[in-house]
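Undergrad: quick one, fold the following:
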Amino acid sequence: MKKADRTRHKLDEMVDGVRSQSDLERKLQSRRNTLVENHPYIVGYAFLAVLAAILVLCHLTVLVISFLFLYFISDLMTGDIHRIVPFLPRVVLFSLLYTMVVLAIILLSYKVVPMMLKNLPELSNQLRVQVVKDLKNTTGKWDLPAYVNVDELKGSIVKASTDILHFLATSLTPLYKGFIQFLFALAINLFFYFESDKVEQAFTRNPNSLMTFLFKFAQTRLKIFYVYFRRVMGGQVIIALINTLISLAVIFGLHLRHPFLMVFVVFFCGLFPVVGNLMSNSVLTINAFVAGGMWATVICLIMLIAVHKLEYFLNSKIIGAIVHLPMAVSLGALIFCEVLLGIPGLILAMPLMLFVRHELENIRALSPSFAEGVAPVESLASEEAKNKAEPIRKIM
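TA: Model prediction:
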């Protein structure tokens, strides 16, 4: 008995019995699927496109990103870390990873999130008080009303600051939905780690079926995409760690509020190329303005510019050495994916760009003679005309 046959159950046999009673089904099963045989790429990519559209339309991009990150970390723990400490079994390393993730979830749920909800209104009031205080000091020193309207300036600064806080507060609902999807991704990654072989067996029971073809096609493409994702995100994690180490001096040097939360925000935002640094430093600048006043804000702004320029250098050296793409192409991919997928698109942009390039490079389109600029049909026609003209020349 074949391996595929051993995975079939009595329920499948009952369904097969129903199908065998139909003459039409027997005829269809005996026919060749010429569409798949003649156009396998079209069928395979159409299936992937429909699958991707369903995920986007159902707002499951956070689930996909979370699963990719968890799979990446699991692969890192059970692969790279295991090679460093081979005496620790992979199951122990995987269990250690999930223990740390669960502890982080508990800390966020019972400590960080309630603290943020409690301190947001207080931070808004302190921001207004600090703005009024600094404007009064500036007005007394430099005669500010002679150059600008102080009341309008004060209103604009307070409005901009409160708008940022309002945006953070209104983002809690999407964050809550994203957190639920992260929990589902956590469970899927756990089951997939122990049952990956069973997943493949469940969709490849009949080697000649359309299900097996689509599964194998998608499986190969996902493996290729993950190779690029792993390399790009590995470089981005290094950049995020460098940004975090630089920001540590500012966070603890200026005695900003909730320093460990700020460190987490800087590292998490650093995982997003280009815009991550702007997001994290905006939060640090507001915190510095409330905690230390104008000078602390200026220091944070200087760090914002310095780290932003450093990130361009690191991207060109670290990510550029991995992807081998011009900066214009990389920036275009980031803009396109951000418009198409939102913030998660910034994470998927570079791997998707590299994946699409690889796939198109490995699909044959033109014959070698055509690619060199010689049209096969025209060359054959001209050769035939030349052969016919030869006898005429000899007679003449």
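Undergrad: ok, longest helix in the protein?
TA: Across the chain, the longest stretch assigned as helix under DSSP state H is helix 210-253.
Undergrad: what angle do the following helix or strand past that one and helix 210-253 make?
TA: Using DSSP states H and E, the helix or strand that follows helix 210-253 in sequence is helix 259-270. Orientation of helix 259-270 against helix 210-253 (axes from the mean of the first three to the mean of the last three Cα atoms, to 10 degrees) gives an angle of 140 degrees.
Undergrad: can you list contacts of helix 259-270?
TA: Contact with helix 259-270 is made by 112, 115-116, 236, 239-241, 243-244, 247-248, 251-252, 256, 276-277, 279-280, 283-284, 287, as judged by Cβ atoms under 8 Å, 6 or more residues apart in numbering. Yep, even glycine has a C-beta here, placed from its N, CA and C like the rest.
Undergrad: can you tell me which of these are buried?
TA: Buried by 16 or more other Cβ atoms under 10 Å: 116, 236, 239-240, 243-244, 247, 251, 256, 276-277, 279-280, 283-284, 287, out of the contacts of helix 259-270.
Undergrad: state the three-state secondary structure for P86.
TA: Recorded secondary structure, P86: coil (DSSP: H, G, I helix; E, B strand; the rest coil).
Undergrad: distance of it relative to F182?
TA: 31 Å (Cβ to Cβ, to the nearest Å).
Undergrad: these two: who's more crowded?
TA: Between P86 and F182, counting by other Cβ atoms under 10 Å, F182 is the more crowded of the two (19 against 9).
Undergrad: now that one: which helix or strand?
TA: Counting by DSSP H and E, the element that carries F182 is helix 172-203.
Undergrad: what packs against that helix?
TA: Secondary-structure packing of helix 172-203 (3 or more Cβ pairs under 8 Å, 6 or more residues apart in numbering; DSSP states H and E): helix 61-75, helix 90-107, helix 210-253.
Undergrad: next one: the residue nearest to N281 when sequence neighbours are not counted from V298, what distance?
TA: Nearest non-adjacent residue to N281, counting by Cβ to Cβ, 6 or more residues apart in numbering: L304, 4.0 Å away. Distance of L304 to V298, computed by Cβ to Cβ: 10 Å.
Undergrad: more neighbours, those two?
TA: More crowded of L304 and V298, by other Cβ under 10 Å: L304, with 19 against 14.
Undergrad: quick one, what contacts that one?
TA: Here L304 is in contact with N277, L278, N281, L284, T285 (Cβ under 8 Å, 6+ apart).
Undergrad: now for the residues you listed, which pair is the farthest apart?
TA: N277 and T285 (11.9 Å; Cβ to Cβ).
Undergrad: give me every residue that touches M303.
TA: Applying Cβ under 8 Å, 6+ apart, the residues near M303 are I246, S247, V250, N281, L284.
Undergrad: go on, H82?
TA: Listed by Cβ under 8 Å, 6+ apart, the contact set of H82 reads L88, R90, L93.
Undergrad: with L248 instead?
TA: By Cβ under 8 Å, 6+ apart, the contact list for L248 reads V263.
Undergrad: before we move on, what about the one 5 residues further on?
TA: Residues in contact with G253, defined by Cβ under 8 Å, 6+ apart, are absent; none qualify.
Undergrad: where's it relative to A328, distance?
TA: In this view, G253 and A328 are 37 Å apart by Cβ to Cβ.
Undergrad: same check, this time on V263
TA: From V263 to A328 the distance is 33 Å (Cβ to Cβ).
Undergrad: comparing those two, which residue is more hemmed in?
TA: A count of neighbours by other Cβ under 10 Å puts V263 above the other of V263 and A328, at 18 against 8.
Undergrad: so how far is H324 from that one?
TA: For V263 relative to H324 (Cβ to Cβ), the value is 33 Å.
Undergrad: over to R357?
TA: 10 Å.
Undergrad: then S280?
TA: 28 Å.
Undergrad: repeat that for G332.
TA: 16 Å.
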